[in-house]
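*Asks:* Structure, please.
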Amino acid sequence: MNKLLFILLGVVVLSSCGRFNNREVDGTKDLRIVSLSKHLTEFTFALGKGHDLVGVDWSSTYPDSAKLIKPVGYHRALNPEGIISMMPDMVIHSNDIGPETVLPQIQKAGLNCKAFGNANTIDSAKMLLKELGVFFGVSAKADSLCGVMDAGIAHANNALKAMQIKDTPTVMIIHFGRASNVYFVMSGRKGVADQLIQMAGAKVALYDAKGARQISAEAIAEANPDIIIATDFGYDQMGNMDKFISGVPGVALTKAGKNKRILRFEEHDLTYYGPRTGDNIINLMQLFYPTLNASK
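*Replies:* Alright, predicted model coming up:
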């Protein structure tokens, strides 16, 4: 009861201080911003406004400077008190935060919240960059970043054509869900991860499952990928490749496990498009085909 009273009093005090009053916010000026989406965090830095960020969600790990900003929780399992305590001028998100009660709670506390789009296609990523560019008053920078993204993807496509690939491996991505505390398969959903695998010259391993749920050892063994990409947090939690192979159900039964073709890759490079996408595709190509020349 005392803790609840303290929280409620805190909200009242913050609401009365003039910061949380749902006013219009001018993004061209220096602000205190909490970002609840990793792609919004990266794009804010890319546009030269990273100094405005005072809080981010746990998945906001790029660039390295983002890791120095105070985390406010995982974007699908947020605590409203942690966000409120940052006293932000604005909270930015992509309508993919949870639990579903968190947004109404922080809005009720008086926080200014602004939803931006996703970056799950090349076009939507460019639209988002331009939208953020207008908000921050740096439209020319946003247009330049869109050009960088287009050029990088075109370069990766040309590099793939020049590699003359003969044997195309099947690839599966295994990710550790920090909110659900389980490993699940990220690929096989026709999303960004699958698109990047294909753009890097590989095939997506078939996996009979839908949504982010605990992996099935039998389904992974049946999919039998040549290569498994392990996203950074889950791989690091296991400690090394051998422990990942033996510790994640089904992996040891696959060709990837038997041939030790487990590739660590950053989650944020597999879940949205952005100015670095071309480089990310090249990096995947170099991992998939280490004996061929995938030049940057």
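*Asks:* quick one, strands of this protein?
*Replies:* Ranges of strands within the chain are 33-35, 53-56, 73-74, 77-78, 90-93, 113-115, 170-177, 182-185, 203-204, 227-231, 262-265, based on DSSP state E.
*Asks:* my guess is residue 109 contacts residue 80, does it?
*Replies:* Yes. The pair residue 109 / residue 80 is scored as a contact, 7.2 Å apart, by Cβ atoms under 8 Å. Glycine gets a C-beta too; all of them are placed from N, C-alpha and C.
*Asks:* who has more neighbours, these two?
*Replies:* Each of residue 109 and residue 80 has its neighbours counted (other Cβ atoms under 10 Å); residue 80 has more, 22 against 19.
*Asks:* Wait, that one touches residue 105, no?
*Replies:* Yes. Between residue 80 and residue 105 a contact is recorded at 4.2 Å, counting by Cβ under 8 Å.
*Asks:* Mind listing what's buried along stretch 148-161?
*Replies:* Under the neighbour-count criterion of 16 or more other Cβ atoms under 10 Å, stretch 148-161 has 148-149, 152-153, 155-156, 159-160 buried.
*Asks:* just how off-centre is it within its chain?
*Replies:* Distance of stretch 148-161 from the chain centroid (Cα atoms, centre = their mean, to the nearest Å) equals 21 Å.
*Asks:* tell me the mean pLDDT over that stretch?
*Replies:* For stretch 148-161, mean pLDDT rounds to 97.
*Asks:* surely residue 171 meets residue 224?
*Replies:* No. Applying Cβ under 8 Å as the test, residue 171 and residue 224 come out as separate, 11.7 Å apart.
*Asks:* So between those two, which is more surrounded?
*Replies:* Neighbours were counted for residue 171 and for residue 224 using other Cβ under 10 Å; residue 171 has more, 28 against 17.
*Asks:* Quick check: that one vs residue 200, distance?
*Replies:* 8 Å (Cβ to Cβ, to the nearest Å).
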